[in-house]
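S.K.: Output the structure for:
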Amino acid sequence: MADDTVVPVPERDEGPPYRINPALTLGERDLLEGWLEFHRDTLRWKIEGLDDAQVKRRSVPPSTMSLLGLVRHMADVELNWFRRVLDGEQAPGIFWSDDNLEGEFDDVDDAVVADDVATWQGEIAKARALAATRSLDDTGIRRGEPCSLRWVYTHMIEEYARHNGHADLLRECIDGATGD
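M.R.: Predicted coordinates:
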C-alpha cells in the first residue's frame, strides 16, 4: 500500500485473523491490492486444516477439480498475469504444458501438497514484487494488446472470487465447513 495513504482500521469478517476486508475509504490502488489479498487469503483459508487426501479430493465426476487443483491453477494464473503479461517473461506453465493443458487439475494424485502450496505462495510473492514497482497505468502485453496493471488487478480479483466459490463448495463437501 502506498506510504502516503492513511489506512483506516480494517473491518474483520469471519475467517482467520489474517483475512481482512479492505477499509471502505481506501484509494484505488490500496483498494485493488486489498481485495486481491483478501481473495488470496480466502483460498488459503479454504485449504487450512485439511490433510493431503482432503486437499486432493475431486469434486463430482467428470470434473477433476480439487482444492489442490485450484491452488495449482492460481499459481499459474499469478505467473501468467504478473510475470508473463506485465513483465514480458517467457516462463513455461508450472503445472500444465501444451501436451497437458489440464495438468493443474488432472495431475494432483502424486503431487506434494506442501510443495505446490509453496509454489503458489512463491508466485504471489513474485507478483507483489513486480506490481510494487509499477503504477496502475503501466502496461504489459496480452495477446498483442496493451494491458494495464489496473486491469490485471481487477481480473485477478475476479479470478480468485470465482474460484473461491468453487473452493467453498469443495470444502463444504469435505468437512462441512462453510463461510465466504
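
S.K.: just the strands in the chain please.
M.R.: Assigned by DSSP state E, the strands in the chain fall at 11-12, 20-21, 139-142, 145-148.

S.K.: could you dump the ones you listed to TSV with mean pLDDT?
M.R.: Shown next, in TSV, are these (pLDDT from 0 to 100):
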stretch	mean pLDDT
strand 11-12	46
strand 20-21	85
strand 139-142	97
strand 145-148	97
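
S.K.: Adding distance to residue 178, write the ones you listed out as CSV.
M.R.: Heads up, the C-betas are built off the backbone N, CA and C, glycines and all. Formatted as CSV, the strands of the chain follow (distance: least, C-beta to C-beta, whole Å):
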stretch, distance to residue 178
strand 11-12, 18
strand 20-21, 18
strand 139-142, 35
strand 145-148, 35
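
S.K.: just so I know, which of the ones you listed lies nearest residue 88?
M.R.: For the strands of the chain, proximity to residue 88 was assessed by C-beta to C-beta; strand 139-142 is nearest, at 6.3 Å.

S.K.: Can you mark which positions in that closest one are buried?
M.R.: 139, 140, 142 (16 or more other C-beta atoms under 10 Å).

S.K.: try stretch 49-68
M.R.: Of the residues in stretch 49-68, those with enough neighbours to count as buried (16+ other C-beta under 10 Å) are 50, 54, 55, 56, 57, 58, 59, 65, 66, 67, 68.

S.K.: Okay, now it: how far is its last residue from its first?
M.R.: End-to-end distance for stretch 49-68: 13 Å, by C-alpha to C-alpha, to the nearest Å.

S.K.: Show me what it is in contact with.
M.R.: Applying C-beta atoms under 8 Å, 6 or more residues apart in numbering, the set of residues contacting stretch 49-68 from outside is 46-47, 71, 102, 105-106, 108-109, 111, 113, 116, 166-167, 169-171, 173-175.
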